[in-house]
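> Pasting the sequence and the predicted coordinates here, then a few questions.
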Amino acid sequence: MKPCCAVLVAALFLGACVATKPSVTYSSFGEARLAEDAAVVQRYEADYERRHPSSTSMAGNQFQIPVTSGSSEVKVLVDTFPEGVELVNGSIRTTDGAPHEILGKLSLRASSHGTLPREKLLEEAKQLARAAGGNVVIMSFVGGDQAEANGVVGYVLKSDLEHYNPKKSQSGKLSIEI
C-alpha cells in the first residue's frame, strides 16, 4: 500500500472512532431560568469532557474509546409515558397526585446532520438528566435507523421511582419539535 493511502485509511479509521459530542439543548419548565438552563448544559458538557478526554484515549498502539457508566439510576422511557404523565394536545402534564415533577425538555442531536449510535444517545440523555437533577427521561429517537439516529427529543422528570409500575405505562409518540 502506498504511504499516502495508508495515512488516509488510518485517518478515516480514527475519524470514524472519535467520540462525537452531540449538540445539546435544555429548557426548564415554569418561570424562565435561562442562567440555570445554561448551567445544566455547562454541567453536562463538563461531564462529557471528563468522560471523553480529548474524545479518545491512546494506550500504546491500541485505540480505545472510553467506557461510560454512572447514569444507571436514570430510567429512560422511549415513546412511553409512566402512569401519572400524559400528553394532551401536544403538551405534557402530570395528573393530580402523580409522583412526578416535569423539570424540562431536552434535545440531543448529532452534529452536521449526521447520526450517532442509539446507545450513545441513550447514555447522553441519561447524563443530561442527571445534570438537570432528574432521574427519568421520556424521549423519542429522531430519524436514522435501528442502530443510529439523528438525535433524541424528550422531557426530564424527577420521579419517585418507588411508585413506578411499568405495566401501567402507556405508549405515546413525542412531537419531534418539542
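Thanks, I have the structure now. Just so it is clear, the structure is predicted and the values come from calculations on it, not from any experiment.
> quick one: low-confidence parts of this structure?
1-19, 54-72, 176-178 (pLDDT under 70).
> mind redoing it with 50?
Scanning the chain for pLDDT under 50 picks out the ranges 4-18, 56-70, 178.
> So for it, the centremost residue is which one?
The residue lying closest to the centre of the chain (C-alpha atoms, centre = their mean) is Ala125, at 1.9 Å.
> what comes up buried for the longest helix along the chain?
Assignment by DSSP state H gives helix 34-51 as the longest helix of the chain. Going by neighbour count (16 or more other C-beta atoms under 10 Å), the buried part of helix 34-51 is 37, 40-41, 43-44, 47-48, 51. C-beta here means a position set from N, CA and C on the backbone, and glycine is covered the same way.
> Show me which pair in those is furthest apart.
Maximum pairwise distance in those, criterion C-beta to C-beta, is 21.3 Å, between Asp37 and Arg51.
> now the helices for this structure?
Using DSSP H, helices in the chain cover 3-17, 34-51, 118-132.
> what does the last one contact?
Put plainly, it is helix 118-132. Applying C-beta atoms under 8 Å, 6 or more residues apart in numbering, the contact partners of helix 118-132 are 19, 22, 24, 26, 28, 40-41, 43-44, 47-48, 51, 68, 71, 74, 76, 103-104, 106, 108, 135-137, 139, 141, 144, 146-149, 151-152, 154, 156.
> What segments of this protein are strands?
23-28, 57-59, 62-64, 75-78, 80-81, 85-88, 91-94, 100-109, 116-117, 136-142, 148-149, 151-159, 170-171 (DSSP state E).
> got these as a markdown table, with mean neighbour count and distance to Ala129 columns?
Listed next are the strands of the chain as a markdown table, based on neighbours: other C-beta atoms under 10 Å; distance: least, C-beta to C-beta, whole Å:
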| stretch | mean neighbour count | distance to Ala129 |
| --- | --- | --- |
| strand 23-28 | 18 | 9 |
| strand 57-59 | 10 | 26 |
| strand 62-64 | 11 | 26 |
| strand 75-78 | 18 | 8 |
| strand 80-81 | 17 | 15 |
| strand 85-88 | 16 | 15 |
| strand 91-94 | 15 | 15 |
| strand 100-109 | 22 | 7 |
| strand 116-117 | 18 | 17 |
| strand 136-142 | 23 | 5 |
| strand 148-149 | 20 | 17 |
| strand 151-159 | 24 | 5 |
| strand 170-171 | 10 | 20 |
